[in-house]
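[1] Curious how this folds, go ahead:
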Amino acid sequence: MAPTRPAHQPGSEQRVLFDPAGPDAALRAALAEAAVGHWVLTRDLLAATGTDWGLRASRTQVLAAAARRTDLVASWLAEEPHNPDAQVMAMRVAAERAVSFHRMQHIDAPRLRAEAEQAAWAIVQRMPSDPLPYICLLTLAQLDPGQPEHQHSGPDQLLPAGPWRLLNEAHARDPFNREAYIRMFQFWSSRSMPGAAYQFAQWAAEVALPGTAPLVLPLYGHVASEQHGSRPGVADLSRSHWRGAWQVRADTDRALNQWFAYGRTRSIADLSHLAYALTRADRLAEAARVFAAMGPYAHSQPWAQLAPRPELIADEISRAREQAYSAAEAADGQQQW
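    Down below sits the predicted model:
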């Protein structure tokens, strides 16, 4: 049976929503408050999240991005200086600010990076079972990749050198944590090293357990390679890469059958990459299943490279989604016939 097409208003298509909270309603409520510096809902949300490390990572990441321009952390710590969640949020916000200032090439970027690293190591001491400080350190490693501690050998001599010890520490506390593996991938992809990034992604997918996020990482690698060989808005420049390369199909099949099929909590960004890979390969009926799982939510990446202008990204996604549903309905009709 074809995936159920979302209900539309008469004469219109379902709107594409770029919402950092995705379907997480509790996060959405806390996010609205965090954006104006209010911390009570953030405190309550993180207390309820507990030691669900994957959910804790995604929620604190989104909240920190919203809070970095506010005094949320300072206000919270002033009221509850010993609250461990407040201390973790302070670390997260420090890392967000360090990354932001680094991108702007601001004169204070090195100082903010050092302060963020210091905050992360302090959390390591206070909360030794928490993987989040190591995830933050992996994020910060992108800002200073030449440091000796960021150039350790991997578990295989063919793998590129990188911050493997930080990944190992995060993995020991939460095996195959999505953000930890994404940050490790970005250590190379953010420096225009798609080959090294893909090597890591392929290794991660090979060792990952069924249903875990690293199974999707090779698709991020293919997207990175495509970005380095195409121009935004030129849809067919590298389409043959997705249609014809056997390794691309194998990586897509693995993500579809060993990750998506397990139906666990899945990030919109990962679903977006799988839907993109299937769409680019003209596997539209299969892409429809992924779009259905996404609902109205979407991520701008990797669709942005198909749009000539940022404001047209939603149109690209909407068009692909409608084509996928139409293909699935046609295939379903042929089977019934």
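
[2] Please make it C-alpha for all contacts and neighbour counts, starting now.
    Fine.

[3] to the chain's geometric centre, what's the distance from the helix or strand hosting residue 226?
    Assigned by DSSP states H and E, residue 226 belongs to helix 217-227. Remark: helix 217-227 is offset 13 Å from the chain centroid, using CA atoms, centre = their mean, to the nearest Å.

[4] Next: stretch 56-70.
    On the basis of CA atoms, centre = their mean, stretch 56-70 sits 14 Å off its chain's mean C-alpha point.

[5] rewinding a little: helices and strands around the helix holding residue 226, which ones?
    Of the remaining helices and strands, those touching helix 217-227 by 3 or more CA pairs under 8 Å, 6 or more residues apart in numbering; DSSP states H and E are helix 178-189, helix 194-207, helix 246-254, helix 268-280.

[6] other SSEs contacting the first one?
    For helix 178-189, the elements it packs on are helix 53-67, helix 132-141, helix 164-173, helix 194-207, helix 217-227, judged by 3+ CA pairs under 8 Å, 6+ apart.

[7] Let's have the ones you listed in JSON lines, adding mean pLDDT and mean neighbour count.
    Output for the helices and strands packed on helix 178-189, formatted as JSON lines (pLDDT from 0 to 100; neighbours: other CA atoms under 10 Å):
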{"stretch": "helix 53-67", "mean pLDDT": "97", "mean neighbour count": "21"}
{"stretch": "helix 132-141", "mean pLDDT": "98", "mean neighbour count": "26"}
{"stretch": "helix 164-173", "mean pLDDT": "98", "mean neighbour count": "19"}
{"stretch": "helix 194-207", "mean pLDDT": "96", "mean neighbour count": "20"}
{"stretch": "helix 217-227", "mean pLDDT": "91", "mean neighbour count": "23"}
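
[8] Distance to residue 31 for these - can I get that in a markdown table?
    Compiled in a markdown table, the helices and strands packed on helix 178-189 are given as follows (distance: least, CA to CA, whole Å):
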| stretch | distance to residue 31 |
| --- | --- |
| helix 53-67 | 6 |
| helix 132-141 | 19 |
| helix 164-173 | 26 |
| helix 194-207 | 31 |
| helix 217-227 | 27 |
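
[9] worst-scoring helix or strand of this structure, pLDDT-wise?
    helix 239-244 (a mean of 75; mean pLDDT, DSSP states H and E).

[10] residues in contact with stretch 212-222?
    Stretch 212-222 has contacts (CA atoms under 8 Å, 6 or more residues apart in numbering) with 176-178, 181-182, 185, 194-195, 197-198, 201-202, 204-206, 208, 248, 251-252, 254-255, 258-259, 266, 270, 273-274, 277.

[11] got a list of what the residue nearest the centre of the chain touches?
    Closest to where the C-alpha atoms of the chain average out (CA atoms, centre = their mean) is residue 269, at 5.1 Å. Shown in contact with residue 269 (CA under 8 Å, 6+ apart): 298, 299, 301.

[12] Now do it against residue 49, distance only.
    21 Å (CA to CA, to the nearest Å).

[13] now residue 183
    Distance of residue 183 to residue 49, computed by CA to CA: 22 Å.

[14] Give me the more crowded residue out of those two.
    Using other CA atoms under 10 Å, the more surrounded residue of residue 183 and residue 49 is residue 183, with 21 against 15.
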